[in-house]
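1. Fold the stuff below for me.
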Amino acid sequence: MNTIEARDLNNDELAAVAGGMDCATAVAIGWIYTTTALALYGLGDKVGAAFFLGKSEGVVQGGCPK
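-> From the prediction side, this is the model:
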C-alpha cells in the first residue's frame with residue numbers, strides 16, 4: 001500500500017511550481033479564477049465552482065509564498 005505524506009513546500013519549490021510568477025500576477029490570475037467560480041456557482045455548478053476556487057488558491061499560494 002502506498003502512503004502519501006503531505007508537507008509544506010519551501011520557497012524554492014514554490015517558485016518552481018509558480019513558474020517564476022510574481023505575487024501581483026498570481027493575485028490577478030487568482031481573481032479571474034474566483035470570478036469564474038462565482039459565475040459557475042450562480043449558474044448552479046457547485047463542482048465547477050469548487051474546481052476554480054481550488055485553482056485560485058493554488059495559484060495565489062504558489063505565487064505568494066509568504
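2. Figure out the helix or strand that Glu57 lives in.
-> Element membership for Glu57 (DSSP states H and E) is helix 46-63.
3. Show me which parts of that helix are buried, residue by residue.
-> Ala49, Phe52, Leu53, Lys55, Ser56, Val59, Val60, Gly62, Gly63 (16 or more other CB atoms under 10 Å). Every residue, glycine included, has its C-beta placed from N, CA and C.
4. confidence score at the spatially most central residue of the chain?
-> Ranked by distance to the mean C-alpha position of the chain (CA atoms, centre = their mean), the top residue is Gly58 at 1.9 Å. On the pLDDT scale, Gly58 is placed at 88.
5. For Ala39, see how far away it is.
-> For Gly58, the distance to Ala39 equals 19 Å [CB to CB, to the nearest Å].
6. Gly63 now?
-> Gly63 sits 23 Å away from Ala39, going by CB to CB.
7. which residues touch Ile32?
-> Counting by CB atoms under 8 Å, 6 or more residues apart in numbering, Ile32 touches no other residue.
8. looking at it, Lys41 is touching Val47, isn't it?
-> Small correction: residue 41 is Tyr, not Lys. No. Using CB atoms under 8 Å, Tyr41 makes no contact with Val47, being 10.0 Å away.
9. coming back round to it: of all the buried residues of helix 46-63, which comes closest to Ala26?
-> The closest of the buried residues of helix 46-63 to Ala26 turns out to be Gly63 (CB to CB; 2.3 Å).
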